[in-house]
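Participant: Give me coordinates for this.
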Amino acid sequence: MTALTARAAGVVAFVAVLAWGGLVWLAFKLYTTTPPTAAFDLELLLRAGRAVAAGQSPYDSAMLAGAAPVAERLFYSYPPVVAQLMSLVAGVPSPVVFVAWSAAAVAGLGLVARALAARYGGSPAPNVVALVTVAFAPLLFPFAIGLLFGNLDVFFPLAFGLVLLGILPRASTSSAIGSGAAASLATVSKLSPAVVGLWLLARSTSTADVRRALAAAAIVLGTVLGLSIAVGGIQPWMDYATVVRAGSGADLVDPRNAGPAAQIALLLGGAPAAAESLARTLQIPVTLGALVATVVAALRVREPVESLAWAVVGSLIVLPVTWYHYPSALIPFAIVAFLRAGALEPVAAQRVRLTIVAAAVVAALAIALLPLLYVAIGLVLAGVRMSRPAPTGLAA
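Facilitator: Residues are numbered from 1 along each chain as shown. As a prediction, the model looks like this:
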């Protein structure tokens, strides 16, 4: 069956209207408060872009002077490339950018879902998979919260979906180039996706598909950095290094910070200074563990989807701060698990799909109890592993 039945299509349409209607209404209500409580992350990027367009630094002057930021205060801390790109829309009204930004992120998610469905074949048809994915997107709470915030991470399902498509066996040359380009663009927008670059490097010793992606990643990374320096000079990158150093002094122990070190320190309690010291100490093994696990997954986990999924998880926790919306990067892997379940025995297929649905439910509950976010992540990894095809070489 390549299309949904009339009843199933009706259910999907009902869910889409209800879910998207609720999310759009909430976005409108939050955006029209004074000050707006929606799209505040996007507004930071726009202010940084407007500063660059005016010939100014996108970074906070106090942080450039070495002052550590206050955890509750929002500040621009992305690499200069992001502000330079945002300067291209500096003259566009913020509400227009917010709508276009959200629409582009949702379209990117739909395109990745369609491409993955085309790659794995079977039923339903790729267009149906894309439509169903977009219909249910507001129920994927990390992604929906990212949309409300106007956060850059809403494009990471697209980015990591492209990385995934290019490292599968028998991937086309264009897919491999897109894979490497996506990994590099994600890395220059935020530092943490460099973990995926580490995975590409370690994995390239065993597969030609990954070697092509790695070569493309290196070329794109060098090109983007070269263009950034050609446009703005070296000073923005020196300022960025200063901001990173200043940001390292910010408090880590915050109930909104889902980072493992911060959550363990909160769980153990104690005086604020002691909890902060503990979080900083714990972050060292967390970071090292994420990097080691990424390399081990690249070298020892033969199945490429599961292997890359571990690297993406590593990229979510390698830095001291992990926000609730970060795990939306795992959506492409959940889609693959759903798609591959169609090739399994009915009982096994149902088990995989229930696991992925459970991951979405637990992620929603994590709004109230943040550590549940790691249970949701674990369920996605379990679904990917359970959906693996029978081993036949480097099977997809």
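
Participant: Only C-alpha atoms from now on, for both contacts and neighbour counts.
Facilitator: Noted.

Participant: How far away from the center of its chain is the lowest-mean-pLDDT helix or strand in the chain?
Facilitator: One helix or strand of the chain scores below all others by mean pLDDT, DSSP states H and E: helix 61-64, with a mean of 87. How far helix 61-64 lies from its chain's middle: 28 Å, per Cα atoms, centre = their mean, to the nearest Å.

Participant: again, but for stretch 260-280
Facilitator: Using Cα atoms, centre = their mean, the offset of stretch 260-280 from its chain centre is 26 Å.

Participant: for stretch 281-290, same thing?
Facilitator: Relative to its chain's centre, stretch 281-290 lies at 20 Å (Cα atoms, centre = their mean).

Participant: And the least confident helix or strand of the chain, what does it pack against?
Facilitator: Other helices and strands packing on helix 61-64, by 3 or more Cα pairs under 8 Å, 6 or more residues apart in numbering; DSSP states H and E, are helix 235-247.

Participant: so how far is the helix it packs on from its chain's centroid?
Facilitator: 23 Å.

Participant: Check stretch 146-155 too.
Facilitator: Mean-position distance between stretch 146-155 and its chain equals 9 Å (Cα atoms, centre = their mean).

Participant: re the thing from before, for the least confident helix or strand of the chain, which positions count as buried?
Facilitator: Across helix 61-64, burial judged by 16 or more other Cα atoms under 10 Å covers 63-64.

Participant: Residue 36 sits in which helix or strand?
Facilitator: Counting by DSSP states H and E, no helix or strand carries residue 36.

Participant: go on, the one 10 residues further on?
Facilitator: Mapping residue 46 onto the secondary structure by DSSP H and E places it in helix 40-53.

Participant: which residues touch that helix?
Facilitator: The contact list for helix 40-53 (Cα atoms under 8 Å, 6 or more residues apart in numbering) reads 57-59, 74-76, 82-91, 94, 98, 149-152.

Participant: so where is the stretch 151-300 of the chain shaky, pLDDT-wise?
Facilitator: Along the stretch 151-300 of the chain, no part satisfies pLDDT under 70.

Participant: Tell me where the stretch 51-200 of the chain has helices.
Facilitator: Assigned by DSSP state H, counting those that start in this stretch, the helices in the stretch 51-200 of the chain fall at 61-64, 80-86, 94-120, 126-136, 141-149, 156-167, 173-189, 194-203.

Participant: Can you tell me which helices and strands the longest one packs against?
Facilitator: Packing partners of helix 94-120 (3+ Cα pairs under 8 Å, 6+ apart): helix 40-53, helix 126-136, helix 156-167, helix 331-341.

Participant: tell me which residues in the last one are buried?
Facilitator: In terms of neighbour count (16+ other Cα under 10 Å), helix 331-341 has its buried residues at 331-341.

Participant: need those residues in CSV with distance to residue 254 and pLDDT, can you?
Facilitator: Putting the buried residues of helix 331-341 into CSV (distance: Cα to Cα, whole Å; pLDDT from 0 to 100) gives the following:
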residue, distance to residue 254, pLDDT
331, 26, 98
332, 29, 98
333, 29, 98
334, 29, 98
335, 32, 97
336, 34, 97
337, 33, 96
338, 35, 94
339, 38, 94
340, 39, 95
341, 39, 94
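
Participant: for the longest helix along the chain, which positions count as buried?
Facilitator: The longest helix of the chain (DSSP state H) is helix 272-300. Neighbour-count burial for helix 272-300, counted by 16+ other Cα under 10 Å, picks out 275-276, 278-280, 282-283, 286-287, 290-291, 293-299.

Participant: ditto for stretch 46-60
Facilitator: 46-53, 57-60.
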